[in-house]
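Here is my input; please provide its structure:
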Amino acid sequence: MTMWRALRRGGSRFAAVAMAVAMLVGCGDDLPESAAHVNGQPIPTSDVVALRDWYLNKSESSDSQQPAAGKEEVMRVALSFQIQATLVRQLANKMRVQVSLDDVKAFRQAASGGGANGVLGADSAMASHLGALSRAMARELFPDVDVSERKIDQAYRAQLKSAGAPWRARTDIALFRGKGAAKKFRAAIGDGEDFVSVAQKHDAIEADEVTVTSRSRLHPDVIRTIGAMGRAGEIAGPIHVKDYWVAVRLRDRTELSQREVAAIRSKLAEALSEEERYSRFQRWLDDQLRRADVEVDEEFGRWNKKSLAVV
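Residues are numbered from 1 along each chain as shown. The predicted model follows:
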């Protein structure tokens, strides 16, 4: 799961936290060798500390106006993720579910909206592998997930209301943690300059070319903004989406034929089915977490089976 999921309408807790594991750096602190055990398997404290330090360093360098989380709080969140990730691997082994490099690549492309490279960092392959494993397990557990025509119609009408006439657009999209960084990027990018490269130089946490349609399952404000853009090369934003700021450049846009609209409706049904499958998987995973034997070292807190987190 990548940060591109932030642009979507929804997203699971596991997917939201999974993006952070892609950038583990550093280590330290006089702490026990193992932070926790999941069904007897140890979780190295070094992994948890590394994830905590990455987040704290990123927060210090960010111009976000969001209040910074405390060191202990970040440590608990990092350990909570590691517990979930460890259990996912254990369950995959038990189910004999494996994923290939092509599976991992396909997951990254799907999660990014069809072309982004996923989370930028030292170990993005690790996060993508966990996401691909989760998707493969979900398909194994819930192979047939039907979505009602009524739900498809509702989603279809909602997208039409947000975006107007059906269209397809090639865009460049950059995601920033803070509004200030997004504004500095807007001031720096000039006509003809490489959008992605300039965005990365201005601390974009994700940037890539993305093909979007008026029916894409992205945040309504992003769809609305792209739908209102009419000139190739036009840049819009920053758009506030959840905890992030988004800048968009339009490459080109075309109106869709009725045949293409019908095809998009079919893809929308597939996307809704996949969302429902993952929701079922998340409920199943939560149940497995409650059943698992999780022991957390007292230096880090305790495992709460109700919230499924270290507290």
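
in its sheet, what does the lengthiest strand in the chain sit against?
Longest strand in the chain, counting residues (DSSP state E): strand 244-255. Paired with strand 244-255 in the same sheet, following DSSP bridges, are strand 167-176 (antiparallel), strand 235-241 (antiparallel).

following it, which helix or strand comes up?
helix 258-291 (DSSP states H and E).

any idea how far that following helix is from the chain center?
15 Å (CA atoms, centre = their mean, to the nearest Å).

Tell me the buried residues in that helix?
Residues of helix 258-291 classed as buried by neighbour count (16 or more other CB atoms under 10 Å): 261, 264-265, 268-269, 271-275, 277-278, 281-282, 285-286, 289. All C-beta atoms are positioned from the backbone trio N, CA, C, and that covers glycine.

now stretch 181-191
181-183, 185, 189.

Residue 138: which of these is nearest?
residue 182 (33.8 Å; CB to CB).

what about the nearest residue to that closest one once chain neighbours are set aside, neighbour count?
The shortest distance from residue 182 to any residue other than its chain neighbours is 3.5 Å, reached at residue 238 (CB to CB, 6 or more residues apart in numbering). By other CB atoms under 10 Å, 21 other residues sit near residue 238.

how far does the longest strand of the chain sit from the chain's center?
For strand 244-255 - counting by CA atoms, centre = their mean - the centre lies 19 Å from the chain centre.

And the helices in the stretch 1-150 of the chain, which stretches?
Along the stretch 1-150 of the chain, counting by DSSP state H, counting those that start in this stretch, helices occupy 13-18, 45-61, 71-95, 101-111, 124-141, 149-163.

what's the angle from the fifth one to helix 71-95?
Same thing as helix 124-141. 50 degrees (axes from the mean of the first three to the mean of the last three CA atoms, to 10 degrees).

average pLDDT across helix 124-141?
Across helix 124-141, the average pLDDT comes to 84.

secondary structure class for residue 210?
strand (DSSP: H, G, I helix; E, B strand; the rest coil).

so it sits right up against residue 171, yeah?
Yes - with contacts counted by CB atoms under 8 Å, residue 210 reaches residue 171, the gap being 5.6 Å.

still on that earlier bit, let me have the buried residues of stretch 181-191 in JSON lines, extended by distance to residue 231, pLDDT and secondary structure.
Formatted as JSON lines, the buried residues of stretch 181-191 follow (distance: CB to CB, whole Å; pLDDT from 0 to 100; DSSP: H, G, I helix; E, B strand; the rest coil):
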{"residue": "181", "distance to residue 231": "25", "pLDDT": "87", "secondary structure": "helix"}
{"residue": "182", "distance to residue 231": "20", "pLDDT": "89", "secondary structure": "helix"}
{"residue": "183", "distance to residue 231": "21", "pLDDT": "89", "secondary structure": "helix"}
{"residue": "185", "distance to residue 231": "19", "pLDDT": "90", "secondary structure": "helix"}
{"residue": "189", "distance to residue 231": "15", "pLDDT": "84", "secondary structure": "coil"}
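
Identify, from these, the entry nearest to residue 151.
Once CB to CB is applied, the member of those that ends up nearest residue 151 is residue 182, at 34.1 Å.

got any ranges where the chain has weak pLDDT?
Applying pLDDT under 70 to the chain flags residues 1-29, 58-69, 109-125, 155-165, 256-265.

and this protein, what are its domains?
3-144+273-298, 149-260 (automatic domain parsing).

so which of those gets nearest residue 311?
Closest among the domains of the chain, using CB to CB: domain 3-144+273-298, at 6.7 Å.

What is the burial count for residue 104?
Neighbour tally, residue 104, other CB under 10 Å: 21.

Wait, it touches residue 128, no?
Yes - the criterion here is CB under 8 Å, and residue 104 meets it with residue 128 at 4.9 Å.

re the thing from before, residue contacts, the residue nearest to residue 182?
176, 179, 182-183, 186, 245-247 (CB atoms under 8 Å, 6 or more residues apart in numbering).

Kindly provide the distance from it to residue 100.
38 Å (CB to CB, to the nearest Å).
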